[in-house]
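S.K.: from the sequence below, what's the structure:
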Amino acid sequence: MDKILRNRVLVFLLVAGIVAYFLVAISGRQPVAKISATTPARRNIIASISSNGKVEPITPVTVRAQLDTFVTRVHVLEGQNVKKGQLLIELNVKDAASQLAAARVRLLRAEDDLRVANTGGRTDEAARINGDLAKAQAERDRLQRDHDSLTRLLAQGAATKDELAANQLALEKTQSDLSKLAAAKKEFDRQANLDQARSSLAVQQARSDVAALEDKVTQGSIRASIDGTLYSMPLHQGDFVKVGDLLAEMADLHKVRVRAFIDEPEMGALEPDEVVKITWDALPNRVWDGRTEIIPKQVVARGSRSVGELLCSVQNDKLELLPNTNVNVRINSKERLNVLGITRGAVDTENSQRYVFVVKDGVGPTRLEKRLIQVGIADPANYEVISGLQEGEVVALPGDVDFHDRMRVKVVNMDTSSQKEAKDAKL
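M.R.: Predicted coordinates:
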């Protein structure tokens, strides 16, 4: 009985030892991580810049009030297409018209004064002075001849000294009168020259006043100076406007400009004549095509952002984009066709180098291989692979487990969306 019991104990110990051996062996194995994976595939990659912007007219025409007055009548509506010369607004210009009539009277008077000054002064005054001067000169000449004659007769004893002295006195008086008349003539001529200059300035001033008032009267009828769209007109009949107030803004909106606000880190990728796509939330199904034109040369603060202001020309054939509207801007800065691409989520960075974990199958268990790769441009979903990966290789996608080199894994889910996208891109 004891021998049978001893044998049973030995068998039990042997079985327990075998079980323990297997448990220890199993517990010593490393667990196999279950992962998802993807493969690099050929695709089209477009690197784009997305931002916001504002629509602007390229050649706007602004009309401002030239006088303080009231709006008599408004003939058009904001947003209306107008033709060159079309009447837009009528303003009350009665005061300006009255001032214009008075200014024209002043101009006629000034022109008359200038004509008088140009002829040497008033005709009657000039004739009187010139007549008195000529008469005095004739009297002096006569007395001078008498003086010469009396001097000869006195020498012959035919005239007396008293006669010569009386003639000499009359000659000196006439000479004095002649000097006074010559001085008066000189002063008259000087005054006439001053009057001429004064009258000329008065004519210029009067003409300037007339021209300015004529312009104000003309401004009473505001007309379109171009064919275009009246995109702003903050007026109503009866409104009072002051000098400089905005009356209307218009432009040809078949081609507009979008001022795009590009964040500073993305400015380095901008180049002229790149494709631009414009969308507007008010018309979500419409896309407008444009081109980059003027690349920003400086960074400015816009709220909490540091941006460069990129100017883009945009076709607006249907006149749907209106000035000052806020739009979305997408710039296709670089494009690569049929290049090898890898999902962005599979790529990690270490010391400014990009790497992936490639799933390696071979003799023995499936393991990961950490591999450096070189990437090119990127779109929101993929990187362009320049080197380090081949088409068809299996690349691990990160999940709940941290990857490391030579790690044992089991692929339980293969991401095929990238292959489908690549196939669709080729089609």
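S.K.: roughly how far apart are L87 and H75?
M.R.: Applying CB to CB, to the nearest Å, the value for L87 to H75 is 5 Å. Just so you know, the C-beta spots here come from the backbone N, C-alpha and C atoms, and that holds for glycine as well.
S.K.: what of K216?
M.R.: In terms of CB to CB, K216 sits 20 Å off from H75.
S.K.: neighbour count winner among those two?
M.R.: Ranked by neighbour count (other CB atoms under 10 Å), K216 and H75 place K216 first, with 21 against 14.
S.K.: can I assume that one sits in a helix?
M.R.: Yes: secondary structure assignment (DSSP: H, G, I helix; E, B strand; the rest coil) places K216 inside a helix.
S.K.: isn't it up against N92?
M.R.: No: using CB atoms under 8 Å, K216 makes no contact with N92, being 11.2 Å away.
S.K.: what does E393 show for phi and psi?
M.R.: phi -70, psi 150 (degrees, to the nearest 10).
S.K.: list the contacts of it.
M.R.: Residues near E393 by CB atoms under 8 Å, 6 or more residues apart in numbering: T39, P40, V358.
S.K.: just the ones of the residues you listed in strands?
M.R.: Mapping the contacts of E393 onto strands (DSSP state E) picks out V358.
S.K.: okay if I get the contacts of E393 as a markdown table plus neighbour count and distance to S50?
M.R.: Shown next, in a markdown table, are these (neighbours: other CB atoms under 10 Å; distance: CB to CB, whole Å):
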| residue | neighbour count | distance to S50 |
| --- | --- | --- |
| T39 | 21 | 28 |
| P40 | 26 | 26 |
| V358 | 20 | 32 |
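S.K.: any chance of the contacts of E393 in CSV, with pLDDT and distance to T229 too?
M.R.: Output for the contacts of E393, formatted as CSV (pLDDT from 0 to 100; distance: CB to CB, whole Å):
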residue, pLDDT, distance to T229
T39, 92, 54
P40, 93, 51
V358, 94, 59
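S.K.: just the contacts of E393 now: which is nearest A269?
M.R.: P40 (24.1 Å; CB to CB).
S.K.: where exactly do the helices run in the protein?
M.R.: Ranges of helices in the chain, per DSSP state H, are 2-28, 94-118, 123-156, 161-218, 417-426.
S.K.: ranking those helices by mean pLDDT, which is last?
M.R.: Across the helices of the chain, helix 417-426 has the smallest mean pLDDT, namely a mean of 54.
S.K.: mind listing what F403 touches?
M.R.: F357, L368, K370, A396.
S.K.: quick one: the last one and T72, what's the gap?
M.R.: Counting by CB to CB, the gap from A396 to T72 is 78 Å.
S.K.: hang on, isn't R305 packed against D263?
M.R.: Yes: R305 is within contact range of D263, at 6.2 Å (criterion: CB under 8 Å).
S.K.: and R122, what pLDDT?
M.R.: R122 is given a pLDDT of 60.
S.K.: hang on, isn't V409 packed against V32?
M.R.: Yes: in this structure, V409 is within contact of V32 by CB under 8 Å, at 6.6 Å.
S.K.: more neighbours, those two?
M.R.: V409 (20 against 12).
S.K.: and the contacts of stretch 302-309?
M.R.: 51, 259-264, 267, 270, 295-300.
S.K.: and if we set it to 7 Å?
M.R.: R259, F261, I262, D263, E264, M267, P296, V299, V300 (CB atoms under 7 Å, 6 or more residues apart in numbering).
S.K.: let's see which of the residues you listed end up in strands.
M.R.: Per DSSP E, the subset of those in strands is R259, F261, I262, D263, V300.
S.K.: out of these, who has the most neighbours?
M.R.: That'd be I262 among these, by other CB under 10 Å, with 25 neighbours.
S.K.: can you pull the contacts of it?
M.R.: I49, S51, L270, P296, V307, G308, L310.
S.K.: which of those lies closest to G220?
M.R.: Checking those one by one against G220 (CB to CB), the nearest turns out to be L310, at 42.4 Å.
S.K.: can you tell me the closest non-neighbouring residue to that closest one?
M.R.: Excluding the flanking residues, the one nearest L310 by CB to CB, 6 or more residues apart in numbering is A260, at 4.4 Å.
S.K.: distance of that neighbour from V241?
M.R.: If you go by CB to CB, the gap between A260 and V241 works out to 35 Å.
S.K.: of the two, which one has the most company?
M.R.: More neighbours surround A260 than the other of A260 and V241, with 28 against 21 (other CB under 10 Å).
S.K.: name all residues that make contact with the more buried one.
M.R.: S51, G53, L310, C312, V329.
S.K.: and these as a markdown table, adding distance to S176?
M.R.: Below are these laid out as a markdown table (distance: CB to CB, whole Å):
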| residue | distance to S176 |
| --- | --- |
| S51 | 96 |
| G53 | 91 |
| L310 | 90 |
| C312 | 90 |
| V329 | 95 |
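S.K.: which among those gets closest to D405?
M.R.: Nearest to D405 among these, with distances taken as CB to CB, is S51, at 40.2 Å.
S.K.: tally of neighbours for the closest one?
M.R.: For S51, the count of nearby residues is 16 (other CB under 10 Å).
S.K.: for I331, see how far away it is.
M.R.: In terms of CB to CB, S51 sits 8 Å off from I331.
S.K.: returning to what we had before: okay, the contacts of I262 in a markdown table with distance to E391 and pLDDT next?
M.R.: Formatted as a markdown table, those follow (distance: CB to CB, whole Å; pLDDT from 0 to 100):
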| residue | distance to E391 | pLDDT |
| --- | --- | --- |
| I49 | 29 | 87 |
| S51 | 34 | 92 |
| L270 | 32 | 86 |
| P296 | 39 | 91 |
| V307 | 40 | 93 |
| G308 | 38 | 93 |
| L310 | 37 | 94 |
